[in-house]
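Q: need a 3D model of the sequence below.
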Amino acid sequence: MEKLQDIELKKILTELADMLQKVYQEKLKAVILYGSVARGTATDESDIDIMVLVDGTDQELRMFEDKLSDVSTDISIKYFKVFSIIDVSYQEYMTWMTISPFYRNVSEEGVVLYAA
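A: Now for the predicted structure:
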């Protein structure tokens, strides 16, 4: 998280990572900030893109949809910021991170907020 210069944003992202740890518990592998905020090119209208890597299948991840939506809504309302949070199977991410342009960008430009 050393790339982030905004102290308030660091605080918000740390709080978000803590919330996600409570939701996913031992299944949580990583929380990664990506996109314009991670690159330092965000504008006032930019959303905050977060990828949550979870140990499990896509079907298992669906069990967390409501809780993930609640976390996203709660933190967005609390801080008046728009968060786009996606959860991805850790196994899928590791398989495709060198092949998929999207996963490769997250891998290269992302800022790890939490890693198990």
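Q: point to the residue nearest the middle of the protein.
A: Taking CA atoms, centre = their mean, the centroid of the chain lies closest to Ile50, which sits 2.5 Å from it.
Q: three-state assignment of it?
A: Taking DSSP: H, G, I helix; E, B strand; the rest coil as the rule, one finds Ile50 in the strand state.
Q: by contact count, what packs against the helix or strand harbouring Ile32?
A: For Ile32, the host element (DSSP states H and E) is strand 28-34. The contact analysis (3 or more CB pairs under 8 Å, 6 or more residues apart in numbering; DSSP states H and E) places strand 28-34 against helix 7-24, strand 48-54, helix 101-109, strand 111-115. All C-beta atoms are positioned from the backbone trio N, CA, C, and that covers glycine.
Q: relative to Ile86, which of the ones you listed is closest?
A: Between Ile86 and these, the tightest spacing by CB to CB is seen for strand 48-54, at 5.7 Å.
Q: the helix or strand of the chain with the lowest mean pLDDT packs against which elements?
A: The weakest-scoring helix or strand in the chain, judged by mean pLDDT, DSSP states H and E, is helix 58-62 (a mean of 90). Secondary-structure packing of helix 58-62 (3+ CB pairs under 8 Å, 6+ apart): strand 83-89.
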